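K.L.:
kindly return the folded structure for what I paste below:
(one chain, ligands or ions: 1)
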Amino acid sequence: MTRRGAIALLLSIAWLGACRKHVHSEPAAQNPWLDAAAKVSLGTGTPAEDDGQWTMPAKDYANTRYSRLTQITPENVKDLKLVWSQKTGVEGGHEAAPLVVGRTMYVVTPFPNHVLAFDLEKPGSPPKWTYEPKPVPAARGVACCDLVNRGMAFWEGRIYMNTLDDFTIALDAATGAEVWRTKLGEVTRGETITMAPLVVKGHVLVGNSGGEMGVRGWLTALDAKTGSIAWRAWSTGPDRDVLIGPEFKPHYASDRGADLGVRTWPVEQWRIGGGTVWGFVSYDPELDLIYYGTANPGPWNHEARPGDNKWTAGIFARRPSDGAAIWFYQWSPHDVYDHDGVNENVLFDATSADAKTRKVLAHADRNGYVYVLDRVTGEVLSAAPFVHVSSSNGVDLASGRPNMVAALAPTTGKVTRNICPASAGGKDWQPMSFSPHTGLLYIPHQNLCMDEEGLESNYVEGTPYVGANTRFYPGPGGHRGVLTAWNPMTARKVWSIDENFPVWSGTVATATDVVFYGTMDGWFKAVHARTGAELWKFKTDSGVIGQPVTYRGPDGKQYIAVLDGVGGWAGAVVSNDLDPLDGTGAIGFVHAMADLKNATKKGGAVYVFALP
Ligand SMILES: O=C(O)c1cc(C(=O)O)c2c(n1)C(=O)C(=O)c1cc(C(=O)O)[nH]c1-2
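P.N.:
Numbering: from 1, shown residues only. All right, here's what the predicted structure looks like:
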């Protein structure tokens, strides 16, 4: 078949798969944490937030993206109207959540990372101030997956932001004046920053990107007042660099022992071994622990790095004051697929069928499993596939390790086919929401498999260090995107909506059982949280990969806001003007996205909706 023929076939398969809705049921295992009688609640670890505002991308420290606002309901959401919209002035992958603090909305764009403050009190919400940090253009050349920025954080009168060229900056929220800026990394080494900072007890927590460039990952805490660096916890290397000390008590034996961040790697490989920290950070104020994931070990070609490659592709619990590691768990020991481990961790309380209550976290990993972990100890309570998984056969709860299918591990010079999920995973960075009202997670994700061939790779500072040829294509069913409503206490899908393109936006859930999400072909949708029934949709100019938010405006009304501007890894074919006929583009993602150019165009705007 010709390449064009193959693409046409792929398109028609994908189209057939678009927008179907499924209701699913599978028997649950014998596990008191997997039982219809198990209950969830927001729990004592979640402080009561002011639902009128949205001060951090994840809404709250627990990363719920859940709002208690009730004006917009399943009955009246069909009447939602666009009340204002403004272009950001930048066209590219807009992944950020707008922040709303008091009477102002704050938006950050992809590179060059402009910040816009909109006055919500004036008609049309005109800009109040803008800030341009002027990152160096060289940062564009080393970002792996588009030039994105996932948002900012508000804390005590200041806005905290990161730039693609490795600065963290504090701005006066009232005026946009720069208060301090601190350089955290080196673009010349391939380091960038795309993640949203989180402020915890006066520390701004920031992690780096560059796992595809031989960067060594870290999470850094800065003093929110002064910008000075309080601590840095590396994701590889000796215990002293990883801030592993006497308090470190991982649940699984394979995470215990001295200097595993060195000893689980070939000599010196940990220095260029990845484990970057580019996802969302959660915080439990009661346990006083932060939770965050570490990304893939580098290079992708795993034959260059035998061993578990600690502490990559896992999750750390740390104390925010000094960064001390408390526990670690590795989703994907010796990750062979770039499955990373940075997806968000949503904190809530769970009561098992036998009436034991534990503080847990839920995590939908790129490796295809939704995990529920005890967040005090790091023990895995359950792990169940939420997408088609061929690369492993379940997770062994005794060891915590996935049962990998050896025959599907890619090798150098040979193409291994039908690896599911693809490198981008069952779900990538796009954050899910959690409703304590329905007890469900609303997971935006993709349905992609891949073929992969390992390549020899040599490390040259500041250049790609991947060592793999990959080719992504739709998974079973032919649709490339899914919104799944998932019960973490039965490990069952309750309903799902198939979308033609990967669902690369965040989701938000409200107390009235409305869930919002966006599609890469530019639909912003509201669905019923209990059934998945479509209730409303609006067509934006460009595809939506941003994180929707909801807030109470100065007039007392409930608003919904979202950014459009297609891009990210999945949308790089449009945002980076890649040739749709060259399937190797964006490390093989373009092969699955050749038709996106026909469905949407570049953009970048904020859209705000309300009832009349
Ligand atoms: O290893 C890394 O440092 C790193 C960084 C990033 C990033 O900063 O955007 C992504 C990834 N990896 C990655 O694996 C990935 O799937 C991904 C998707 C996206 C996106 O914004 O759509 N970024 C990234």
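K.L.:
around the ligand, which positions in the chain sit nearby?
P.N.:
Residues of the chain found near the ligand (Cβ under 6 Å from any ligand atom) are 95, 144-146, 148, 194, 209-212, 274, 276, 278, 295-296, 338, 340, 424, 428-429, 568-569. (Each C-beta comes from the backbone N, C-alpha and C, glycine too.)
K.L.:
the same query, at a cut-off of 5 Å, please.
P.N.:
By the rule Cβ under 5 Å from any ligand atom, the part of the chain lying against the ligand is 145, 148, 194, 209-211, 276, 278, 295, 428, 568-569.
K.L.:
just these: which are in helices?
P.N.:
568-569 (DSSP state H).
K.L.:
okay, the residues of the chain next to the ligand in JSON lines with pLDDT and distance to Ser321 next?
P.N.:
Formatted as JSON lines, these follow (pLDDT from 0 to 100; distance: Cβ to Cβ, whole Å):
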{"residue": "Cys145", "pLDDT": "94", "distance to Ser321": "32"}
{"residue": "Val148", "pLDDT": "98", "distance to Ser321": "30"}
{"residue": "Thr194", "pLDDT": "98", "distance to Ser321": "26"}
{"residue": "Ser209", "pLDDT": "98", "distance to Ser321": "25"}
{"residue": "Gly210", "pLDDT": "98", "distance to Ser321": "27"}
{"residue": "Gly211", "pLDDT": "96", "distance to Ser321": "27"}
{"residue": "Thr276", "pLDDT": "98", "distance to Ser321": "23"}
{"residue": "Trp278", "pLDDT": "98", "distance to Ser321": "23"}
{"residue": "Ala295", "pLDDT": "98", "distance to Ser321": "25"}
{"residue": "Asp428", "pLDDT": "98", "distance to Ser321": "31"}
{"residue": "Gly568", "pLDDT": "98", "distance to Ser321": "34"}
{"residue": "Trp569", "pLDDT": "98", "distance to Ser321": "34"}
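K.L.:
what's the burial count for the residue of the stretch 451-600 of the chain found nearest the ligand?
P.N.:
Closest to the ligand within the stretch 451-600 of the chain is Gly568: 2.8 Å, counting by Cβ to the nearest ligand atom. Using other Cβ atoms under 10 Å, Gly568 has 32 neighbouring residues.
K.L.:
and the residue lying closest to it once chain neighbours are set aside, how many neighbours?
P.N.:
Spatially, and ignoring its direct neighbours in sequence, Gly568 is nearest to Gly93 (4.6 Å; Cβ to Cβ, 6 or more residues apart in numbering). If you count neighbours by other Cβ under 10 Å, Gly93 ends up with 34.
K.L.:
Gly93 is in contact with Ile545, isn't it?
P.N.:
Yes. Counting by Cβ atoms under 8 Å, Gly93 does reach Ile545; the two are 6.0 Å apart.
K.L.:
between those two, which contacts overlap?
P.N.:
565-568, 571 (Cβ atoms under 8 Å, 6 or more residues apart in numbering).
K.L.:
between these, which has the most around it?
P.N.:
Result: Val566 is most packed of these (other Cβ under 10 Å), 37 neighbours.
K.L.:
for that one, give me its contacts.
P.N.:
93, 520, 522, 542-545, 574-575, 596, 600-603.
K.L.:
burial measure for the closest residue to the ligand within the chain, as a count.
P.N.:
Nearest to the ligand, among the residues of the chain, is Gly211, at 2.3 Å (Cβ to the nearest ligand atom). Neighbours of Gly211 under the rule other Cβ under 10 Å: 32.
K.L.:
which residues does it contact?
P.N.:
144, 217, 274-276, 278, 295-296, 298, 338, 340.
K.L.:
show me where the stretch 51-200 of the chain has helices.
P.N.:
138-142 (DSSP state H, counting those that start in this stretch).
K.L.:
go on, the chain?
P.N.:
Using DSSP H, helices in the chain cover 3-16, 138-142, 239-242, 260-263, 568-575, 590-593, 596-599.
K.L.:
show me what contacts the closest residue to Val562 other than its chain neighbours?
P.N.:
Leaving aside its chain neighbours, Val562 sits nearest to Pro548 (4.2 Å; criterion: Cβ to Cβ, 6+ apart). Applying Cβ under 8 Å, 6+ apart to Pro548 gives the contacts 97, 505-508, 516-518, 524, 560-562.
K.L.:
change it to 6 Å
P.N.:
508, 516, 562 (Cβ atoms under 6 Å, 6 or more residues apart in numbering).
K.L.:
residue contacts, the first one?
P.N.:
Right, the one you point to is Val508. 65, 433, 516, 548, 550.
K.L.:
can you tell me which of those residues are buried?
P.N.:
Burial by neighbour count, judged by 16 or more other Cβ atoms under 10 Å, picks out 65, 433, 516, 548, 550 from those.
K.L.:
all strands of the stretch 501-612 of the chain, in order?
P.N.:
507-510, 514-518, 523-528, 534-539, 549-552, 558-564, 605-610 (DSSP state E, counting those that start in this stretch).
K.L.:
nearest to Leu82, of the ones you listed?
P.N.:
strand 605-610 (5.8 Å; Cβ to Cβ).
K.L.:
what residues are up against Trp155?
P.N.:
Val199.
K.L.:
low pLDDT regions in the chain?
P.N.:
1-29, 43-49 (pLDDT under 70).
K.L.:
taking the centroid of it, which residue is nearest it?
P.N.:
Residue closest to the average C-alpha location in the chain (Cα atoms, centre = their mean): Trp429, at 2.1 Å.
K.L.:
any idea what sits nearest it, other than its immediate chain neighbours?
P.N.:
Counting by Cβ to Cβ, 6+ apart, the residue nearest Trp429 is Gly279, at 5.9 Å.
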